[in-house]
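J.: Take this sequence and fold it.
(one chain, ligands or ions: 1)
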Amino acid sequence: MADKEFTYSDVSEHNTKKDLYVVIHDKVYNASSFIDEHPGGEEVLLDVGGQDATEAFEDVGHSDEAREILDGLLVGKLKRKEGDPKPKTYTPTASTANATDGASMGVGLYAIIFIGGALAFGAYKYLQAQQEGQ
Ligand code: HEM
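T.: I've put the predicted structure just below:
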């Protein structure tokens, strides 16, 4: 059964609480039996019912336990067709790119703090020298 292939339009028909499919990493899961037990609530699952929930699922940073539950809900895999929504595969590269941005901004910030500190130190020394001169 887990070898079954679903197209996006097949999946999108399962969008009610009693019949709820979600796509995560191009695999199709039936979340109906789990929805009442979901610690994150039913609302979020209904929101992504019949759709690609990869991003939503990964954004939360679900535990390994959550992934094990997911394995048990597997019903098949997604068969992409042309014109389907783009794969919403979670791409660590995007966050890596952001992290790089963040890092360079971090370096910039450190530079500003360092220059600010150096200026303050210089001013302090300057005033001290002036005071000694008096
Ligand atoms: C069928 C797919 C899903 C399964 C099996 C699942 C399973 C779980 C489990 C076991 C937890 C407890 C914490 C953990 O172990 O990580 C959890 C928490 C949570 N889940 Fe999901 N989840 C699914 C989909 C989603 C989706 C699509 C969202 C959308 C945002 C979501 C949002 C949350 C949130 C916000 C929590 C945290 C609740 C809290 O700590 O108060 N989950 N989920």
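
J.: sec struct for whichever residue of the chain sits closest to the ligand, please.
T.: Of the residues in the chain, the one nearest the ligand is residue 40, at a distance of 2.4 Å by C-beta to the nearest ligand atom. Placement of C-beta: from N, CA and C, glycine included. For residue 40, the secondary structure call by DSSP: H, G, I helix; E, B strand; the rest coil comes out as coil.

J.: So which bits of the chain are right by the ligand?
T.: Where the chain comes near the ligand, counting by C-beta under 6 Å from any ligand atom, the residues are 22, 29, 31, 34, 38-40, 44-45, 48, 53, 56-57, 60, 62-63, 65-66, 69-70, 73.

J.: related to what we said a few turns ago, can you tell me which residues contact the residue of the chain closest to the ligand?
T.: Going by C-beta atoms under 8 Å, 6 or more residues apart in numbering, residue 40 touches residue 60.
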